[in-house]
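Engineer: Provide a 3D model corresponding to the input given below.
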Amino acid sequence: MRRIPRFLATAAAALLAATLAPAPAAAEPAAAAPVPDRALAGYLHAGFANGSGWVDLADVPDQWDIIHLAFAEPTSPTSGRLEFELCPAAECPGVPTEQEFTAQIDAAQARGKKVVLSVGGQNGQVSLETPAARDAFVRSASAIIDRYGLDGIDIDFEGHSLYLDEGDTDFRSPTTPVITNLIGALRDLTGRYGPDFVLTMAPETFFVQVGHQFYGRGKWGGADPRAGAYLPVIHALRDRLTLLHVQHYNSGPVMGLDGQYHTMGTADFHQAMADMVLTGFPVGGDASQVFPPLDPGQVAIGLPASPHAGNGHTPVAEVRSAWDCLTTGAGCSGYTPAKAHPGLRGLMAWSINWDRYNGDEFATEHGRYLG
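Structural biologist: Numbers count the residues shown, from 1 in each chain. Below is the predicted model:
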């Protein structure tokens with residue numbers, strides 16, 4: 001049985017009550033809680049254990065404001081049709097039934113949490129090469145969202161999901177089908193569910209910040225066609241984007257706006273990478289094509305939750321230093337932004353499970369510091 005999302009169900013229930021029970025009028029249900037001004041977003045391993053163990057949704061610490069269910073994956077890289085199943089009991093002892101899991105989602109939403117379907121991941125290549133794949137993506141994503149009553153979708157396309165065809169050189173007017181079809185699919189989904197629908201993205205630095213130097217195959221061809229390939233998607237959906245949390249991990253050195261290379265795992269790296277999307281930058285070194293800055297409220301810093309979670313783990317003190325530098329302009333080490341961004345939204349972690357494995361340090365320490 002399908003379940004419509006809470007924010008649509010609330011509106012429908014209110015309308016039905018007004019129609020059938022004119023006197024006395026019952027109090028309207030409370031509107032869906034917004035994402036807080038300071039937010040922690042974390043990925044919950046819903047379909048696998050990944051060595052960190054199963055964490056029940058009911059046991060997710062309260063500091064997490066956005067919970068990404070990882071992952072919906074396609075039936076094939078080019079089908080567009082997504083599937084989402086809970087982790088097998090043999091791999092995840094104690095995994096709930098679908099009915100229990102749905103009840104846990106309801107309970108988390110009642111506590112003000114946003115529970116979002118994350119699509120892709122390391123193993124889930126999604127290449128929407130045709131309009132048929134785009135339509136299948138929209139239908140299947142909607143079916144999963146409705147089935148569990150979810151609050152939105154997260155795009156975590158990695159590997160070879162996104163790339164730029166030869167001659168596609170302007171991020172403002174993309175022509176590559178895997179790019180234009182994804183933009184169309186996300187416009188359809190956000191239009192279908194309305195303004196409360198949560199849209200987040202978790203690209204790697206190669207797909208965003210590296211686009212400052214190299215965009216697609218480059219002027220002379222031969223470069224990696226994936227460089228900067230998320231930029232047209234982010235740009236086309238900036239009016240609907242809730243949160244961009246670029247993965248500041250599993251990354252090589254990246255050139256910042258200062259013309260210097262910055263290395264992951266340090267406050268310097270987070271300051272330089274975050275400032276690029278907060279300040280804007282020329283794409284592919286072309287001063288006539290500037291990627292405009294995002295609103296600070298649309299930006300979070302993506303981090304490994306523990307040393308076990310991925311390359312580029314940053315100690316708590318370094319993360320705090322980067323946060324202070326970016327939001328106040330004080331205490332910067334290495335890269336220094338031209339101005340402070342006090343509205344920076346928060347932090348993202350891969351993952352809630354790895355944080356639980358590490359004693360919930362990320363949620364506890366960063367949750368307290370961000371307030």
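Engineer: which regions of the protein sit below the pLDDT cut-off?
Structural biologist: Applying pLDDT under 70 to the chain flags the ranges 1-32.
Engineer: Run through the strands of it in chain order.
Structural biologist: Applying DSSP state E to the chain gives strands spanning 39-45, 66-74, 82-83, 114-121, 152-157, 198-201, 243-247, 254-255, 261-262, 281-283, 286-291, 299-304, 346-350.
Engineer: Any idea which of these gets closest to Leu326?
Structural biologist: strand 299-304 (8.2 Å; C-beta to C-beta). All C-beta spots, glycine's among them, are computed from the backbone N, C-alpha and C.
Engineer: Tell me how far the closest one lies from the chain's centre.
Structural biologist: With C-alpha atoms, centre = their mean, to the nearest Å as the basis, strand 299-304 stands 9 Å off its chain's centre.
Engineer: relative to strand 39-45, how tilted is that strand?
Structural biologist: For strand 299-304 against strand 39-45, the angle by axes from the mean of the first three to the mean of the last three C-alpha atoms, to 10 degrees is 40 degrees.
Engineer: now the angle from strand 299-304 to strand 346-350?
Structural biologist: Using the same axes, to 10 degrees: strand 299-304 against strand 346-350 is 30 degrees.
Engineer: Export strand 299-304 to PDB, keeping only CA atoms.
Structural biologist: Presented in PDB, the C-alpha positions along strand 299-304 are these (Å, rounded to 0.1, in the frame of the first residue of the first chain):
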ATOM      1  CA  VAL A 299      25.400  24.800   2.100                       C
ATOM      2  CA  ALA A 300      26.800  22.200   4.500                       C
ATOM      3  CA  ILE A 301      30.200  20.700   4.900                       C
ATOM      4  CA  GLY A 302      30.400  16.900   4.100                       C
ATOM      5  CA  LEU A 303      32.700  14.900   6.400                       C
ATOM      6  CA  PRO A 304      33.500  11.300   7.400                       C
END
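Engineer: can I assume Asp188 is in contact with Val138?
Structural biologist: Yes: contact between Asp188 and Val138 holds when scored by C-beta atoms under 8 Å: they sit 4.9 Å apart.
Engineer: so how far is Asp154 from Ala267?
Structural biologist: 26 Å (C-beta to C-beta, to the nearest Å).
Engineer: Contact partners for Asp295?
Structural biologist: The contact partners of Asp295, by C-beta atoms under 8 Å, 6 or more residues apart in numbering, come to Gly343.
Engineer: what ranges do the helices span in the stretch 251-371 of the chain?
Structural biologist: Listed in chain order, the helices of the stretch 251-371 of the chain (DSSP state H, counting those that start in this stretch) span 267-279, 316-328, 352-357, 361, 367-370.
Engineer: same for the second one, what does it pack against?
Structural biologist: When contacts are defined as 3 or more C-beta pairs under 8 Å, 6 or more residues apart in numbering; DSSP states H and E, helix 316-328 sits against helix 267-279, strand 299-304, helix 367-370.
Engineer: In it, which residues are buried?
Structural biologist: Glu318, Val319, Arg320, Ser321, Ala322, Trp323, Asp324, Cys325, Leu326, Thr327 (16 or more other C-beta atoms under 10 Å).
Engineer: would you list those in JSON lines and tack on distance to Val55?
Structural biologist: Output for these, formatted as JSON lines (distance: C-beta to C-beta, whole Å):
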{"residue": "Glu318", "distance to Val55": "26"}
{"residue": "Val319", "distance to Val55": "22"}
{"residue": "Arg320", "distance to Val55": "25"}
{"residue": "Ser321", "distance to Val55": "29"}
{"residue": "Ala322", "distance to Val55": "27"}
{"residue": "Trp323", "distance to Val55": "25"}
{"residue": "Asp324", "distance to Val55": "30"}
{"residue": "Cys325", "distance to Val55": "32"}
{"residue": "Leu326", "distance to Val55": "29"}
{"residue": "Thr327", "distance to Val55": "30"}
